[in-house]
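>>> Everything below, folded, please.
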Amino acid sequence: MEVVNLSNQKMIAPNVDKAYGFYKRLKGLMFTEELLSGCGLHIKPCPSVHTFFMKYAIDVLYLNKENVVVGIDEALAPGKVGKRYKGAASVVELSIGSVKTSETQVGDKVEINN
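Reported below is the predicted structural model:
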């Protein structure tokens, strides 16, 4: 899947996997070695994240049910808990720098294409 910022027409990540089942949401990116540039994971439903058992930092977009960005964590370090944002229904975990490169901000509308 690809994730595109509709508000500024910029690609956020062209190669995003989905984690919609219980096991995939539970595992997320835990125990992975790295997340390559342009890659990510869309977790739904999911109101918040953690980076326990991860070896690298990630960017996180928190989306409401309409895929509007309601919160952002940039460079969330390993072993941390992300913030809880009101209205968050899913998250997109991204390689570090993805938010800055795509100039994504709270309030932007995101499209997730299969």
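>>> who touches the spatially most central residue of the chain in this structure?
Central residue of the chain (C-alpha atoms, centre = their mean): residue 92, 1.9 Å from the mean position. Shown in contact with residue 92 (C-beta atoms under 8 Å, 6 or more residues apart in numbering): 3, 12-13, 16, 40-43, 60-61, 63, 110, 112. Placement of C-beta: from N, CA and C, glycine included.
>>> Is the closest residue to it other than its chain neighbours in a helix, a strand, or coil?
In space, and not counting its chain neighbours, residue 92 is closest to residue 61: 4.4 Å by C-beta to C-beta, 6 or more residues apart in numbering. Judged by DSSP: H, G, I helix; E, B strand; the rest coil, the three-state class of residue 61 is strand.
>>> Just give me the neighbour total for residue 61.
When neighbours are counted by other C-beta atoms under 10 Å, residue 61 registers 30.
>>> mind checking how far residue 18 is from residue 28?
12 Å (C-beta to C-beta, to the nearest Å).
>>> Residues that sit against both of those two, list them.
Common neighbours of residue 18 and residue 28, using C-beta under 8 Å, 6+ apart, are residue 41.
>>> quick one: which of these two has more around it?
The neighbour comparison of residue 18 against residue 28 (other C-beta under 10 Å) goes to residue 28, with 21 against 16.
>>> Roughly how far does the more buried one sit from residue 55?
Going from residue 28 to residue 55 by C-beta to C-beta gives 13 Å.
>>> if we can go back for a sec, the residue nearest to residue 92 contacts residue 112, doesn't it?
No: Residue 61 is not in contact with residue 112 according to C-beta atoms under 8 Å; the separation is 10.4 Å.
>>> helices or strands up against the longest strand along the chain?
Counting residues, the longest strand found in the chain (DSSP state E) is strand 69-76. The contact analysis (3 or more C-beta pairs under 8 Å, 6 or more residues apart in numbering; DSSP states H and E) places strand 69-76 against strand 58-63, helix 98-102.
>>> following the helix or strand bottoming out on mean pLDDT in the chain, which helix or strand comes up?
Using mean pLDDT, DSSP states H and E, the weakest-scoring helix or strand in the chain turns out to be helix 22-27, at a mean of 91. Per DSSP states H and E, the first helix or strand lying C-terminal to helix 22-27 is strand 39-43.
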